[in-house]
Structure formats: C-alpha cells, structure tokens
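Colleague: Quick one, structure for this:
(one chain, ligands or ions: 2)
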Amino acid sequence: MVNICVIGAGYVGLTTAAVLAELGHEVCCIDKDQNKITELNNGKIPIYEPGLSEFIAKNTNRLSFNTNLEEGVKKASIIFICVGTPSLADGKTNLSYVDAVINEIAPCIHSYKTIITKSTVPIGTNEQIYEKLLAKKISPELFNIVSNPEFLREGSAIYDMLHPDKIVVGLRQDDTQSLPIIQEMYSRIQAPYIVTSLNGAEMIKYASNAFLATKISFINEIARICEAFHIDVNDVSKGIGLDPRIGPHFLQAGLGYGGSCFPKDVKSLEQIALSKQIHPLILQAVQTVNDTQIDVYIHKLKTLFPDLHTKKIAVLGIAFKPNTDDTRDSPAERLISRLSQLTCDVCAYDPKAKLSHDQHHVRQVNSLDEAIKGADCVVIATDWDEFKQLDWTEIKKQMNGTIIVDGRNCLNRKEIEQCGLRYVGVGRG
Ligand SMILES: NC(=O)c1ccc[n+]([C@@H]2O[C@H](COP(=O)([O-])OP(=O)(O)OC[C@H]3O[C@@H](n4cnc5c(N)ncnc54)[C@H](O)[C@@H]3O)[C@@H](O)[C@H]2O)c1
Ligand SMILES: O=c1ccn([C@@H]2O[C@H](COP(=O)(O)OP(=O)(O)O[C@H]3O[C@H](CO)[C@@H](O)[C@H](O)[C@H]3O)[C@@H](O)[C@H]2O)c(=O)[nH]1
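Modeller: Ligands and ions are numbered 1, 2, ... in the order given. Below you'll find the model as predicted:
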C-alpha cells in the first residue's frame, strides 16, 4: 500500500483515484473546484461515467477528496497530475493548468516524491517540468518525473483502467528508481509494460489518438466515395476490418469524431510537428475530413427538404458518444448548431447529456417521445443503445414526416424501411 495524491477530479482523475483505492492504496484526490469536492464528500459524483459512483462508494475507506493540495501532497509518496490540457485558439496545448500544479506542488516537496503525469501533454513537457522543479531549487534527490499517459475511453473508464492493453511508462534517462515504484503500485493490474523515454511516452499517447482519429476520417472519406457508387460502407468496414492488419475497430462512419481528446490531440500533434518545421500532411487531412463531415449531413438534409428552415428536426443525442454526459466538442452539438443557424425548429434529447449552451430555435426535452412528436425528420446524432433499439412502428405514428437520418450508421436499415420510413445514412448504398 502506498499513499497517493491525485490532482484533478475530472474524468481521468476521479477514475484514477477510485481505481488506485480499489488496488489497495490510500488515495487523496484534490480539485481546486470547491463545488466538485463538496459534492464528492456528500457522495455525489459530478460526472456521469457508468459504474463510477458505485466504485467510489465501495472504496471510500481508502479514498478522500480535498481542495487542499498541500495536505494531499505532503503525506503522499506518489503524485498524479490529471488536470486538463485543452486547446489554445491556435491549436497548441494550454499547459497553464499543469504549470499551476507544478508551482503548487513545489513548495510541498520535503520528502521523496514520484510525480506522474497522466494528463496528455506535448512532447518535451515532462522534461520541462523536471527542469522547472530544479530551477525552483528542489533537490533532484527528492523527486522524479514519470510520464504514464492514460488510454481510457469515456463510458468504459473503470474497465479500461483496470484492464489496460498496456502500461506506458516514460522515464528520464538516469532514473533508476521510478520503474519499480510504478510496478509495485500497479502490481495487481495485468498488462505488458512499454518502458521508454519521457518524450517517447508522450508521443505514444499522441500517435495512438491520431491513428484512431485517422481510421475514423479514413472511413468517412471512403463513405463519401461509397455513396457515389451506391455501395454500403458498413459492408466495406466489415470486409476490411476482418483483415487483422486493419482490425474492425474505429471504422464506423458517421458525423465524425469529437470529445475532449481526439480533436484537441490531433491539433496539438499538428502544432508539435510544425514547431519542428515538419508539415504533417496526414494529420491535416484527418482534420479536414472531420471538419467537413457535418456538411455532408447538412447537404443531405437540404436535398431532402428544400424548405429545411420550416421543418421540425428531432436530434437524438447530444453527448459526443454514448454512455457519457460529456459534450466537449460533440459532433451532435455541432450538427445542432448548424441546424439552429439554418433556423430549423430543433428538438434535442439525450439520456444523460445537457446542451452546453442556449441556441436559437433549439429546445432540449426530457423524453424521447416529446422530441419525436410531430417531427418531420429524426436524426440519430449519438449511438446510444436506447436509440438503436427504438420501435420504429411507434416512432412513425408520432412523427409528422418519414425521414430517419442515421448520423452514426448504427441502425438496422431494413427494419426502418419495413415500417414505411425512409432511411438515410452516409455511404449506405
Ligand atoms: N477524458 C478522457 O477520456 C481522457 C482520457 C485520457 C487522457 N485524458 C487527458 O487527461 C487530462 C484530464 O482530462 P479530463 O477529461 O479528466 O479533464 P477534466 O476537465 O474532466 O478534469 C480536470 C480537473 O482538474 C481540475 N484542476 C485544474 N487545475 C487544478 C489545480 N491546479 N488543482 C487541482 N485541480 C485542478 C479541474 O477543476 C477539473 O476538475 C487531459 O490532459 C486529457 O487530455 C483524458
Ligand atoms: O468508429 C468510430 C469510433 C468512434 N467514433 C467517434 O470518435 C469519438 C471518440 O470516441 P472514443 O475514442 O470511443 O472516445 P474517447 O472517450 O474520446 O476516447 C479516446 O480518447 C481518449 C482520450 O485521450 C483516449 O484515452 C481513448 O483511448 C480514445 O479512444 C466519438 O465522437 C465517437 O463517436 C466514430 O465516429 N467512429
């Protein structure tokens, strides 16, 4: 058992804290947001992540929440940095939250600490953190910096952290102490270790997200070509995905990728490359396809409804993916904004997520029935199971029109058509 301080109680920090407590460690999770900490101390979880609430409740004897960083850091031998690293306007990474944490930790280092960065940070950041701490006159005998990027997916965060496909550990060249400490801490997790340099670990995280985003933009481009030849792109995904060199995952065409990671991380990697005068052609193309994917759907809607601005559109889904309440950079919200600009009457529904801001002509309703009632068109914008299992005969009775736009290529086309509805997907033949 070790004493651990996790800084940041967001999707990654909360999951990390809960999983480390489950592994038997004493964990103090710090956030500067007093409301979050008060909620957590009252047994409320500020985000929706399946199973997280129960998991935290199960481990409360070894898990505490606090706003006082000094208290958490002083008694811990391991410190996790899990604060946000959002995009700046130019696409580079905003490191101000990480920098603030380093400034706050520094005066509290009086005994040996292993400082682990889980936040996704640009190449070179961990080296810079080490130099910053030295510049603050912290003895190199008192700390080490480790990069241990996180690969969890929202919606399955706990499972992913308990069953990772690898544990990536980036170390400083002369660091001989940290690896055994990390291995001991994660001893109950079965996964191969990838031990590399600090920069190497940072790059593995960016390359991983960039590759997955590339698969999505690739299949979205293939879908556009399929459409011109009346080919079903879902058959193509299946067909190519069976080749183990390609694999079946992340080949679902649709409204494009969103969320708090892919858009910002691909942009950040582009900027990292440009900072070294490397022109990242693929990364730029991946973003161009993604940025124009909503246009594909708007074009379809305009063709289906020349008087689109007079239509009532039910948008099912607000979250950037199912099983989360997260709307950061959500393609569903991107679509809703475009429909709002076109002055359509938009009725949005999501089982968990709320619209992040008010928009003209857009109402969020609390039930699916309310959203669908009188709709000229229903658009599936997030592939929640609840939407995949809809009774289309019932839906048809409640709608005014007959068009179902499958923004995630996740519905059974035949079933919908058998009910007398018109199915519209991207690249569905
Ligand atoms: N969300 C994911 O699925 C995911 C997965 C892997 C990696 N990551 C990376 O992990 C990092 C965190 O992402 P997230 O989604 O958990 O972010 P988040 O925004 O949900 O949480 C960050 C938390 O840090 C807190 N914070 C900021 N500054 C602080 C400070 N000085 N002291 C204490 N608390 C502070 C904020 O109040 C917030 O609660 C990012 O770098 C992200 O790229 C995210
Ligand atoms: O075939 C697919 C798969 C996903 N998506 C979209 O891609 C986005 C991201 O999905 P997903 O990767 O499942 O969600 P995240 O929770 O953002 O997780 C990604 O980003 C995290 C943060 O870095 C990483 O830790 C994870 O490994 C990585 O999968 C969502 O908008 C999905 O709808 C598609 O359009 N088609």
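
Colleague: before we move on, which element is the closest residue to Pro107 other than its chain neighbours in?
Modeller: Spatial nearest neighbour of Pro107, excluding adjacent residues (Cβ to Cβ, 6 or more residues apart in numbering): Glu70 at 7.8 Å. For glycine as for every other residue, the C-beta is placed from the backbone atoms N, C-alpha and C. Applying DSSP states H and E as the criterion places Glu70 in helix 69-75.

Colleague: tell me which parts of the protein are close to ligand 1?
Modeller: Counting by Cβ under 6 Å from any ligand atom, the chain comes close to ligand 1 at 7-13, 30-33, 36, 69, 82-85, 97, 100-101, 104, 119-120, 150, 152, 154, 260-261.

Colleague: One more pass at 5 Å, please.
Modeller: 7-8, 10-12, 31-33, 83-85, 97, 100-101, 119-120, 150, 154, 260 (Cβ under 5 Å from any ligand atom).

Colleague: Surely Ser367 is in contact with Tyr349?
Modeller: Yes - at 6.9 Å, Ser367 counts as touching Tyr349 under the criterion of Cβ atoms under 8 Å.

Colleague: quick one, which of those two is more surrounded?
Modeller: Neighbour count, other Cβ atoms under 10 Å: between Ser367 and Tyr349, Tyr349 has more, with 24 against 9.

Colleague: which sections of this structure are below the confidence cut-off?
Modeller: Within the chain, not a single segment meets pLDDT under 70.

Colleague: give me that answer again for 90
Modeller: Along the chain, segments meeting pLDDT under 90 span 429.

Colleague: Specify the residue ranges that define each domain of it.
Modeller: 3-196, 293-424 (automatic domain parsing).

Colleague: now for the shortest one, what's the gap between its first and last residues?
Modeller: Counting by Cα to Cα, to the nearest Å, the length from the leading to the trailing residue of domain 293-424 is 15 Å.

Colleague: Please apply the same query to stretch 89-104.
Modeller: 26 Å.

Colleague: Off-centre distance for it?
Modeller: 19 Å (Cα atoms, centre = their mean, to the nearest Å).

Colleague: hmm, who's touching that stretch?
Modeller: Contacts to stretch 89-104, defined as Cβ atoms under 8 Å, 6 or more residues apart in numbering, come from residues 7-8, 69-70, 81, 83-88, 117, 119-122, 125, 129, 132-133, 264, 267-268, 270-271.

Colleague: Identify each buried residue in that stretch, please.
Modeller: 91-93, 95, 97-98, 101-102 (16 or more other Cβ atoms under 10 Å).

Colleague: Just the buried residues out of the contacts of stretch 89-104, in PyMOL syntax.
Modeller: Here is the PyMOL selection string for the buried members of the contacts of stretch 89-104, based on 16+ other Cβ under 10 Å:
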select buried, resi 7+8+69+81+83+84+85+87+117+119+120+121+122+125+129+133+264+267+268+270+271
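
Colleague: so of the contacts of stretch 89-104, which ones are in helices?
Modeller: 69-70, 125, 129, 132-133, 264, 267-268, 270-271 (DSSP state H).

Colleague: Just flag the most distant two among those residues.
Modeller: Glu70 and Glu270 (37.8 Å; Cβ to Cβ).

Colleague: if we can go back for a sec, what's the closest of the domains of the chain to His230?
Modeller: Of the domains of the chain, nearest to His230 by Cβ to Cβ is domain 293-424, at 13.3 Å.

Colleague: Good, we can wrap up now.
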